[in-house]
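>>> Pasting the sequence and the predicted model now:
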Amino acid sequence: MKEHSFFESVWEVVAKIPFGKVTSYGAIARYLSTPKAARMVGWAMNASHAAKLDIPAHRVVNRLGMLSGKQHFGQIDLMEDLLKSEGLIIKEDKIVNFEENYWDPLIELRVKS
DNA sequence: GGGTTGACGTGCC
DNA sequence: GGGCACGCCAACC
């Protein structure tokens, strides 16, 4: 039995992001009831990458839809390319159709009434 | 326990 | 929209 650290909780949410959808670090943080720990979400992405986990970190951007973490993908254009291949429109490190493809775990993973 | 870190967010200019 | 200062907090040393 493995303890669920904050990082693992983040990875669990990110892994549920559907193809072609994106969300923000803050949204994940809010979903985990720690809205002020949004920075940790980004750190968790870095940790997941280091741990070689299969986490779609490219689907997580900041609240402005900007590819703030692109420089952590090894190749600068990798994140942008991955998102483009999923139907997203990127212009100058920013997702143009961000709101259209925004996936909020608070809504999507909420227990439907 | 204390200082540093950080792929963020909010407020303000 | 861009830039800056500050806050926030889990993980790390």
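Good, I have the coordinates.
>>> Only the buried residues of stretch A:57-64, if you could.
A:Ala57, A:His58, A:Arg59, A:Val60, A:Val61 (16 or more other C-beta atoms under 10 Å). The C-beta positions use only the backbone N, C-alpha and C, and glycine is treated the same way.
>>> Touching, the third one and A:Thr23? I think so.
So the one you mean is A:Arg59. Yes. With contact defined as C-beta atoms under 8 Å, A:Arg59 reaches A:Thr23; the gap is 6.7 Å.
>>> who touches both of these two?
A:Ile17, A:Trp103 (C-beta atoms under 8 Å, 6 or more residues apart in numbering).
>>> Tally up the residues packed near A:Ser48, please.
Other residues within reach of A:Ser48, judged by other C-beta atoms under 10 Å, total 20.
>>> Identify the spatial nearest neighbour of it, chain neighbours not counted.
A:Ile55 (4.3 Å; C-beta to C-beta, 6 or more residues apart in numbering).
>>> For A:Ile28, pull up the helix or strand it's in.
helix A:25-31 (DSSP states H and E).
>>> I'd like to know which of the buried residues of stretch A:57-64 is nearest to A:Tyr31.
A:Val60 (12.0 Å; C-beta to C-beta).
>>> now A:Asp93: how far from DNA strand C?
8 Å (C-beta to the nearest atom of the strand, to the nearest Å).
>>> so who does that residue touch?
A:Met66, A:Leu67, A:Lys70, A:Glu80.
>>> what pLDDT does it get?
Among the per-residue scores, A:Asp93 holds a pLDDT of 89.
>>> phi, psi of it?
Main-chain dihedrals, A:Asp93, degrees, to the nearest 10: phi 60, psi 20.
>>> The one 3 residues further on now?
Per-residue torsions, A:Val96: phi -70, psi -50 (degrees, to the nearest 10).
>>> Neighbours of it, how many?
12.
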